Each structure stands twice: as C-alpha cells, then as structure tokens.
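**Q** pasting a predicted model and its sequence here:
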Amino acid sequence: MYVAVKGGERAIAQSHVLLADARRGDAAVPELSIAQIRGQMRLAVARVMSEGALYDEDLAALAIKQAAGDLIEAIFLLRAYRTTLPRLADSEPIDTSRMRLSRRISAAFKDLPGGQILGPTYDYTQRLLDFSLMDESAEIGTADSGPSPNPVETTVAPRVTDLLDRQGLLESEACPAGDPPPPDLTREPLLFPVDRTARLQNLARGDEGFLLALGYSTQRGYSTTHPFAGEIRFGTVPVEVFVEELGFAVEIGEVELTECQLITGFEGGSEEAPRFTRGYGLSFGHSERKAMAMALVDRALRARELGEDTEQPANNEEFMLSHSDNVEASGFVQHLKLPHYVDFQTNLELLRRLREEWEANHGNTAAPAEPPAVPATMEAA
Amino acid sequence: MNATTAPVQAGYNFAYLDEHTKRMIRRALLKAVAIPGYQVPFGSREMPLPYGWGTGGIQVTAALIGPDDVLKVIDQGADDTTNAVNIRSFFAKVAGVATTTRTTEATLIQTRHRIPETPLAEGQILVFQVPIPEPLRWLEPRETETRTMHALREYGLMHVKLYEDIVRHGRIATTYDYPVIVNDHYLMRPSPIPKFDNPKLHRNPALMLFGAGREKRVYAVPPYTDVRSLDFDDHPFAVERWEEPCALCASTEAYLDEIILDDKGGRMFVCSDTEYCAVRQEAGHKGAMAP
C-alpha cells in the first residue's frame, strides 16, 4: 500500500547527523585543527581562497575541514559566506612589481635582473612517494636534518614584461586616463559581450580544472597561441586603501599572490608594428597551474580583439565564461538529484502514447525492434 | 540544521539578504512586471543553497517576504519533498515567518515544477524556480543573438522546432517547459512545469514571478495577463490525460504521479499536489486505494 511520502524533515535531520559523523571519521584519531590545515595544506587553502574569491586563510581552512576535503564544496561554503559581508572599501590597485618574491622564474630569458628564484616548488622533485612521511613522530625529529635554507631575503625585482615594455616590444598596458572602474561580477550579472576586466574577474574565480583543460586545448591546436612563460612570480604584495580623511593610501595588510605573464606573438598589421601580446593570470596564494591556465585562456579570449580566428571553444567568450564557474556548474549538474517526478511522468505519458501509435502503425507483430526515438525534450529541468 | 520553526538566525539580516540587495532585486522585479515575459538581468548573489536548487526563487522570495507573510514551498507539487523542506526551513530560520502547506492560506508560494491545483487568488504571489530562462537556448546558444531575436519577436525557429516534432512524432513532443507567448510579445519558458499547468498561467489572478539564480535573470507574468501556449491550427495545444482518477482522492482533474508498487508491474496514480489531494480526502472523496 502506498503511503504518501512524509517525514522529509526528520530524514534531513538524520542525514545531517550522519554527515557530521562521516566528516569526523574515526574518533580515535585526533581531530584536524584549522592551524594544521592552514599550515600543511597551503595549496588547498590557496585554491579555495582563489575560487572562493575571499582572501582569508583561516576561513578557507575551516571550509576545507567542514567540507571533508572536497575543495569545490569548500569553495561554495566560502562564496556563500562572502556574499553576506559588507563592502567597507575598495583597495588601491595592487602593484605586483613591488612583490616580495618567494619564487620567480622566466622561461624567456636565461638570466635577468633579480635572477631566477626557484623557491618552494614541486617542479624539480622526483615524484616518488616519500614513505618517511607516514611516520609522523619521525617527521618532527628530521625537521632540521637537511641543509637549512638561506635566511629569507626580501627580494624585489622588476617584472619581465616591464623590461620588454620599455623597449616597445610588448604591447603596453598602461592604464588610460579616465579608465572607468571595472565591473563587479559579484554584484552585477555577466552580460555579453564583456570587456577584458570582466573576463579576467570571471577567470580568476573560474575552476582550475576547467581552465586547465581549455588552456591545454589551445596548446594542442584548438586555437593559435604560441605562448612563452615570460614570468611566473609568487610572493607577498601589500594592500593599500586610500583614506579620504588622511588624503593618502594606508597599507592595511599583505596578500600572497601568484602572477603569470604569458608572452605570445602578434603579427601586427598596416596600422601597428609587430609586437608581443600578453595573456594574464593572477590567483591568491601559491597556485601556478591556475595562474598559467588562466593566462592561456585570457590570451585565447583576446582573439576577436586581435583579429584572429575565433573558431575554437577556448576563443568563444560566451562558452568559456558561462561555464567556468565550478559553484554554478556543480550545483546545476547535481541538481539532477532533485526529484523530477513530474517531468519524468509527462515524458512517460508521451512515450507510451508514441509507442501505442508506433505499434498500431506497424502491426502488433513481435516486440518492436526499433522503438521510436525518445522525444527530444530531455533538456535541463 | 534545525527543521522546526526557530527564532530568526542571529548574525544575518531578516530573510538573509541585505536590504540593498533586496532593493536591487525588487527593482529588477518591477521592470519584469512592467514588461511581461521579458528576462531582466539582475545581480544574482551566491546563496547558501546550491545553484540549480532554487537560488533564483529563493532570492525573489527573500526580496519580497515580510514578517506578516505566510510561506508555502512545494517541489513537484508536494510540500514534503526534501528540497522544499530545506527551503521552507531556511526561511523559517532566517525570516521567522509563518509557513503553511495550505495553498489558500499562503501569501507567498515558492514552487518548483508545478502550479498548485487549487486556484490562486488576487494578492497571492507564486515564485517559480527557473533552471534555464532562455526559451531559445537550444535553438541558439548565443545570448547576444537571442536578445535580438526577442526584441524582433523573431520566433520562427521555435515554430520550426515544434513543426519538426510533428513530422517526426506526429505530435508536438515537448511535454514540460512548454513555450508560451506572454502578452502577445515575449516567448517565455514557464520553467519545467508540465504543459498540464500551462493553462493556469493564462489570466491568473495571482502575480507570477520567475527567478533564475545561476543564469541571473528574473521575469514575470502579472495578474490577468494573456499567456498562450504555442501551437498550430491543425495541431492545437493539448494537455496530458490519464486513463484513471487519483487512487487516493478520485480527482479526475489533477496532474497525477505514477507510483510503482512492486516489481510485478503494479502501479497507481496519485495527485502530484499533495495538499490538494489531502484536502479532498478530508472532504470525503475516496479513491480506489484510499486508506
């Protein structure tokens, strides 16, 4: 006997209890602290801050803990929190040429002012599982066994792109007089076509995996960029706010950033001499993969502006920007878990009717070898 | 999350959104009401529920709801489907408003995929959760193009699509989210309600608002507005029908869900609108399988 489905509220409450249990795991194992996540999972924290669009390492670590390590869920938690925050001030534009560098490399020049600084990177490691890390007690003992790194120097160096810019070889990106304030995609809808400032905002919040795959596609021939990693830098940049009462900008803190400047060729034309063009990537914390993928996609999306072919997915602004956000994508993909009884019923009803007609037309011989196509109404619901 | 009605959540504004955001949404809604069926872009916010799970409807409800409102939330016609429960408890928590399952008692009804069977009255507001607002999306994915098509009422593509259905299937094979023309101008997706509900859109005394959070659009059908489902003279619009009445309340006029009872082909049909069905049963209507 069918009983109308009741008790949704009790079932949800019970699901929350089970979720809390599953998140905590074995109670005999000590609980993770926010400080541990922040300190030992810094790359996860960086990704959650970038795509969560909120620079707060503690809250990002909390989100990672609450989400049991599901970074997209953590990004969602942080985003949902940030929308409730009041806007107190807009910072002055940050200046990455003032960055205190932890890492800085250029693939375009062998040496350059400020030098190549490798810093902390997995790039030159051999990816062999380090079983010694499984022994947590040993780790404390071996912390000072290796050669101690040089004392941290405060290195500031000019950006490679500025050096090229001075020689006129690279398109200039000086801020024109009367430049309007950029749109704020967290407050205004994305309306196509958009300018580069809005595009870069969208990409900065965009999913690393999506940008990686589509950036990769441009390297495999689904677009026509030939990029050089002009410079990738990671370090700390001061944030300043202009205080009306004082009449000058005051430093309110620092953020860690990763910046990628890709340099790509440009043919030039009758009105412009040939010069290099740029693709730009910027992300919170240490996240080179994201910054590089973003720069590849930024450059690909400039195809229309630079008069290049716009045939490929990575060149298609509406396609790219409408699908880059993992909070939107994750929600909509997973909404298929919601009940769709009503829509399904209406399709069932139609399908049964179409099959009746098909059988009537084809005689009621054997089972239909080729049932009629399912009607093309399986759109998003 | 506490599922029972609780005092308003500390640390959040009434109905979650700040007042500036609510005003921005209300402005967009006023424009939507002024241009029936037109999709108005708005600065959709990230909500604490996932995109695709009703964020547009929740923002519209949050922008409109006041302390004296009585809220009803349904999904698939039912008040107790999990997501409806979650959204209702969200508003009970952040706005402390009274909630109800009775269609006639509600001042605001947020819905996903259905319009209640009980006729709505003047003064009521029905808020639809919309996944994809653009009716032309599968015919032309570029928004820059569809905006122009709407402005010029260039809807030939949609007629061709429906015609192709007839050629291939002998009938129009769109069953939910069936396209309508609002106030003789804009082509509109009524959200994935079954086409069974389309006639209820026409000249409804209630205000009907549509919110698409992920796609950042709102649109509206004001009270008593003409809403016409697309069709052809020789293939007139028709709604779903069932061979049998509701097994619980014997209604022959409601949209029915099919329930699978066992693995031997046993099934029954019951009203998708659970409140409508319960009220009829209380009034003494008994279906073949009523308890």
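**A** Looks like it arrived, so ask away.

**Q** in the stretch 1-150 of chain B, which spans are strands?
**A** Under the criterion DSSP state E, counting those that start in this stretch, the stretch 1-150 of chain B contains strands at B:40-41, B:70-75, B:98-99, B:108-112, B:125-129.

**Q** so which of the ones you listed gets nearest residue A:317?
**A** strand B:40-41 (16.5 Å; CB to CB). Using the backbone N, CA and C atoms, a C-beta is placed for each residue, glycine as well.

**Q** please save the CA atoms from stretch A:237-244 in CSV.
**A** In CSV, the C-alpha atoms belonging to stretch A:237-244 read as follows (Å, rounded to 0.1, in the frame of the first residue of the first chain):
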residue,chain,number,x,y,z
VAL,A,237,52.1,42.1,-2.1
PRO,A,238,51.0,45.0,0.2
VAL,A,239,47.3,46.0,0.0
GLU,A,240,46.6,49.7,0.4
VAL,A,241,43.4,51.6,1.0
PHE,A,242,43.0,55.3,0.3
VAL,A,243,41.7,57.1,3.3
GLU,A,244,39.8,60.2,2.5
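
**Q** list the buried residues for stretch B:89-105?
**A** For stretch B:89-105, the neighbour count (16 or more other CB atoms under 10 Å in any protein chain shown) marks B:89, B:90, B:91, B:92, B:93, B:94, B:95, B:97, B:99, B:100, B:101, B:103 as buried.

**Q** of the residues you listed, which is the nearest to chain A?
**A** Closest approach between the buried residues of stretch B:89-105 and chain A, by CB to the nearest CB: residue B:89, at 7.1 Å.

**Q** low-confidence stretches in chain B?
**A** The model of chain B has pLDDT under 70 over residues B:1-8.

**Q** so the spatially most central residue of it bridges to which residues?
**A** For chain B, residue B:128 is the residue whose C-alpha lies nearest the centre (CA atoms, centre = their mean; 3.5 Å). Residue B:128 has these beta-bridge partners by DSSP bridges: residue B:111, residue B:210.

**Q** all strands for the stretch 51-200 of chain A, in order.
**A** For the stretch 51-200 of chain A, the strands defined by DSSP E, counting those that start in this stretch cover A:100-105.

**Q** quick one: low-confidence parts of it?
**A** Residues of the stretch 51-200 of chain A meeting the criterion pLDDT under 70: A:138-154.

**Q** do that again at 90, thanks
**A** A:83-88, A:108-115, A:135-156, A:158, A:160-182 (pLDDT under 90).

**Q** enumerate the residues of it near chain B.
**A** Along the stretch 51-200 of chain A, the residues adjacent to chain B under the rule CB under 8 Å from any CB of the partner chain are A:76, A:79-80, A:82-84, A:86, A:186-193.

**Q** quick one: the host helix or strand of residue A:218 near chain B?
**A** Per DSSP states H and E, residue A:218 falls inside helix A:208-219. No: using CB under 8 Å from any CB, helix A:208-219 never reaches chain B; the gap is at least 15.1 Å.

**Q** show residues contacting that helix.
**A** Where contact means CB atoms under 8 Å, 6 or more residues apart in numbering or on different chains, the residues beyond helix A:208-219 that reach it are A:47, A:50-51, A:203, A:223-225, A:227, A:287, A:289-290, A:292-297, A:299-300, A:312-314, A:320, A:323-324, A:326, A:329.

**Q** just the buried ones from the residues you listed, in ChimeraX syntax?
**A** In ChimeraX syntax, the buried subset of the contacts of helix A:208-219 is picked out as below (16+ other CB under 10 Å):
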select /A:47,50,51,203,223,225,227,287,289,290,292,293,294,295,296,297,299,300,312,314,320,323,324,326,329
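
**Q** please report how far residue B:256 lies from residue B:67.
**A** Taking CB to CB, to the nearest Å as the measure, residue B:256 falls 37 Å from residue B:67.

**Q** okay, these two: which has more neighbours?
**A** Set side by side, residue B:256 and residue B:67 show more neighbours around residue B:256, with 26 against 11, by other CB atoms under 10 Å in any protein chain shown.

**Q** I figured the more buried one hits residue B:268, correct?
**A** No: in terms of CB atoms under 8 Å, residue B:256 does not count as a neighbour of residue B:268; the distance is 9.1 Å.

**Q** quick one, what contacts the residue nearest to the centre of chain B?
**A** If you count contacts by CB under 8 Å, 6+ apart, residue B:128 has them with B:57, B:111, B:112, B:190, B:191, B:193, B:208, B:209, B:210, B:211.

**Q** residues of the stretch 101-250 of chain B that sit close to chain A?
**A** So far as CB under 8 Å from any CB goes, the stretch 101-250 of chain B lies against chain A at B:112-114, B:131-132, B:138, B:141-144, B:165, B:168-171, B:173-177, B:192-196, B:214, B:216-217, B:240, B:242, B:247-248.

**Q** give the contact list for residue A:62.
**A** Residue A:62 sits in contact with residue A:34, where contact means CB under 8 Å, 6+ apart.

**Q** next, count neighbours for the closest residue to chain B within the stretch 101-250 of chain A.
**A** In the stretch 101-250 of chain A, the residue that lies nearest chain B is residue A:189 (3.8 Å; CB to the nearest CB). If you count neighbours by other CB under 10 Å, residue A:189 ends up with 15.

**Q** my guess is it meets residue B:39, correct?
**A** No: with contact defined as CB under 8 Å, residue A:189 does not reach residue B:39; the gap is 10.5 Å.

**Q** what do these two both touch?
**A** residue B:217.

**Q** list the buried residues in stretch A:106-123.
**A** A:106, A:108, A:112, A:114, A:117, A:119.

**Q** give me the neighbour count for the closest residue to the fourth one other than its chain neighbours.
**A** Pointing back at residue A:114 there. The shortest distance from residue A:114 to any non-neighbouring residue, by CB to CB, 6 or more residues apart in numbering or on different chains, is to residue A:157 (2.3 Å). Neighbour count of residue A:157, defined by other CB under 10 Å: 18.

**Q** over to residue A:360?
**A** By other CB under 10 Å, 9 other residues sit near residue A:360.
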